[in-house]
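In: how does the following fold in three dimensions:
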Amino acid sequence: MVWATTWMAEANEVVSPRLGLPDLPVVDWPDDDEGTGRGLHWKTAFLTQWAAGGPFVWFDDEITDADRRWVRAHHPARALLRRVDPYTGLTEADFAVVHRWLQDGDGTV
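Out: Prediction:
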């Protein structure tokens, strides 16, 4: 588990304690966050590359179907991209979806 947020290391100081998480590694974002120009979130290609062919779950409030399609086409392993309401944040329903995904082993993107 890593923080893939623009909060960077501050996520460990502010968010982790509120969720009862330990300090986690932080994805080191590239300086160029202009995106791909294909309707993708600027994090999509970078996170897929960072996953290095392994399965991953990504929570974000800006994930779209374009991101899901791109990951399906460019990532060989299972991936779950879960859009989170920016006003509500992570909910029990979000965690239930991830729990089912981990148990079922389906390749849902």
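
In: which one is residue 22 nearest to, not counting chain neighbours?
Out: In this structure, residue 22 finds its nearest non-sequential neighbour in residue 16, 6.8 Å apart by CB to CB, 6 or more residues apart in numbering. Yep, even glycine has a C-beta here, placed from its N, CA and C like the rest.

In: so the one you found sits in a helix?
Out: Yes - according to DSSP: H, G, I helix; E, B strand; the rest coil, residue 16 belongs to a helix.

In: identify the residues contacting it.
Out: By CB atoms under 8 Å, 6 or more residues apart in numbering, the contact set of residue 16 is 22, 23, 24.

In: and which of those is nearest to residue 71?
Out: residue 24 (21.5 Å; CB to CB).

In: quick one: contacts for residue 5?
Out: Contacts of residue 5 by CB under 8 Å, 6+ apart are 11, 15, 26, 27.

In: can you do 7 Å?
Out: By CB atoms under 7 Å, 6 or more residues apart in numbering, residue 5 lies in contact with residue 11.

In: please shift the residue numbers so they start at 442 in all later answers.
Out: In the new count, where the first residue is 442, that last one comes out as residue 446.

In: what about it, distance to residue 455?
Out: Per CB to CB, to the nearest Å, residue 446 is found 10 Å from residue 455.

In: re earlier: make TSV out of the contacts of residue 457 and add secondary structure and distance to residue 503.
Out: Listed next are these as TSV, based on DSSP: H, G, I helix; E, B strand; the rest coil; distance: CB to CB, whole Å:
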residue	secondary structure	distance to residue 503
463	coil	26
464	coil	25
465	coil	21
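
In: need the three-state assignment for the residue nearest to residue 495 when sequence neighbours are not counted.
Out: Excluding the flanking residues, the one nearest residue 495 by CB to CB, 6+ apart is residue 518, at 5.4 Å. Of the three states, residue 518 takes coil under three-state DSSP.

In: nearest to the spatial middle of this protein, which residue is it?
Out: residue 499 (1.9 Å; CA atoms, centre = their mean).

In: excluding chain neighbours, give the residue nearest to that one in space.
Out: Using CB to CB, 6+ apart, the closest residue to residue 499 is residue 522 (5.1 Å).

In: tell me the contacts of that neighbour?
Out: Each residue near residue 522 by CB under 7 Å, 6+ apart is listed here: 499, 504, 508, 509, 512, 550.
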